[in-house]
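Enquirer: what's the 3D shape of this:
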Amino acid sequence: MKLTAVAAPGVLTGSVTGQAVFDAALGARGIDGDLVLTSSPAEFTAALRAAAADGEFLLVAGDGTPADHLLVGAGVHGARVVRVDLDAREPDTSRCVRRHVRWRGMQGLAFGVDDWFFHATNPGARHAYGDDRDQHAELRLPAGEGPFPVAVLVHGGYWRSRWDADLMHPLAVDLTARGFATWNVEYRRPDRHGWDATTADVAAALDALRDLDAPLDLDRVVTLGHSAGGQLVTRLAADRATGGGIRPALTVSLAGCLDLTSIHARGLSEHAVAAALGGTPEQRPEVYAASSPIGRLPLGLPVAVVCGVGDDPDLLDASRRFATAAHTAGDDVTVVEAPGHHFSVIDPDSDVWSRVARLVVSRVHG
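Expert: Model (predicted):
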């Protein structure tokens, strides 16, 4: 396998760091690739044509010009790209863009490589559960006839739309290999659509499993949410314990945001909680009461609280306080802690994830 990344004129030119990040990402996935740095419009056009001839490639764009315009201007039609913008950009809705990795700095190059790799080697089938472009999920099925237990994955990113479901590709592939059907959920984020849309989408995506023509065992569903996604799935468990819809057999918070009031008070990620919920606890007390997992105890459904002990100490503290309170409230709660940081819990090669995977298999798959 070989991946080509084409950078627009002036973008990454002379960047030792950019080349190093790209090369490291290729090496981590065991693939070859070239980062083509162009210095003129003519070079850029030629590079786009050459890359498109070999299939999907990375387009490292330099401005906000839609990718469709760039490719058509180069005489390229029918190509597919993963667009990478290091800086803040609006989403590129061009038909040729399969995924737009944006506003993640230099590390966006690594995320682009990973997305290309997982799509090339273990693609998921995309299903819409609503009319908005963000209302979709990717289904992967393991080998065999089923019915399969289902792992529903909900990504984090402090509820901001520049982070999306590509964060959970590695876990989706890992859990599919362990015999789970995986449902990697994208949802409308509150910075573009409001908080109510976000919470409604996570619930709708879970129930959309009923509409799939696939051999799924909906009595054996586990939800796993990372960071902000941990808040979303844990809040959903509280809703489902007393309401209708699919009820998860296990909810897993992976470095989750489980006490929104304390996380807001400590100003994590530039007051991300207030930005997502549309105000402070004093301004929107009912929203915080409904949304903060620690305020919804007892959940009434089994939950696992997973942390890397090297994570942000305020997030770690919130998870530990939630776990203690859940146990006191009588919930079935399992705590998994191991060396690692915020992203170790979604790294299939980490010790903490291996422990989580064994727990999930024993509680849901087995």
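Enquirer: show me the contacts for the residue located most distally from the centre of the chain.
Expert: For the chain, the residue at maximal distance from the C-alpha centroid (CA atoms, centre = their mean) is A42, at 36.6 Å. Shown in contact with A42 (CB atoms under 8 Å, 6 or more residues apart in numbering): no residues. Yep, even glycine has a C-beta here, placed from its N, CA and C like the rest.
Enquirer: Distance of V97 relative to S39?
Expert: Note on V97: its distance to S39, by CB to CB, to the nearest Å, is 24 Å.
Enquirer: When the two are compared, which one has more neighbours?
Expert: V97 (19 against 11; other CB atoms under 10 Å).
Enquirer: next one: stretch 195-204 to chain centre, how far?
Expert: Computed by CA atoms, centre = their mean, to the nearest Å, the chain-centroid distance of stretch 195-204 equals 15 Å.
Enquirer: Give the rounded mean pLDDT of that stretch.
Expert: Stretch 195-204 shows a mean pLDDT of 98.
Enquirer: mind exporting it as CSV, just the C-alpha atoms?
Expert: Provided in CSV are the C-alpha atoms of stretch 195-204 (Å, rounded to 0.1, in the frame of the first residue of the first chain):
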residue,chain,number,x,y,z
TRP,A,195,-27.0,21.0,22.5
ASP,A,196,-30.5,19.5,22.0
ALA,A,197,-29.5,18.3,18.5
THR,A,198,-26.4,16.6,19.9
THR,A,199,-28.2,14.6,22.6
ALA,A,200,-31.1,13.7,20.3
ASP,A,201,-28.7,12.4,17.6
VAL,A,202,-26.8,10.0,20.0
ALA,A,203,-30.2,8.5,21.1
ALA,A,204,-31.4,8.3,17.5
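Enquirer: Now do the buried residues in it.
Expert: W195, A197, T198, T199, A200, D201, V202, A203 (16 or more other CB atoms under 10 Å).
Enquirer: Note down every partner strand of the biggest strand by length in the chain and its orientation.
Expert: Looking across the chain with DSSP state E, the single longest strand is strand 216-226. Within its sheet, and counting by DSSP bridges, strand 216-226 is paired with strand 148-154 (parallel), strand 250-254 (parallel).
Enquirer: And the average pLDDT for that strand is what?
Expert: The average pLDDT for strand 216-226 rounds to 98.
Enquirer: Show me what counts as buried in it.
Expert: Applying 16+ other CB under 10 Å to strand 216-226 flags L216, D217, L218, R220, V221, V222, T223, L224, G225, H226 as buried.
Enquirer: what two of those residues are the furthest from one another?
Expert: Largest separation among the buried residues of strand 216-226 by CB to CB: D217 and H226, giving 23.7 Å.
Enquirer: Retrieve the pLDDT associated with the residue farthest from the centre of the chain.
Expert: Note on A42: pLDDT of 96.
Enquirer: So what does it have for phi and psi?
Expert: Torsion angles at A42 (phi, psi; degrees, to the nearest 10) stand at phi -70, psi -40.
Enquirer: That one and S269, how far apart?
Expert: According to CB to CB, A42 and S269 sit 43 Å apart.
Enquirer: Next: F118.
Expert: Noted for F118: a distance of 26 Å to S269, by CB to CB.
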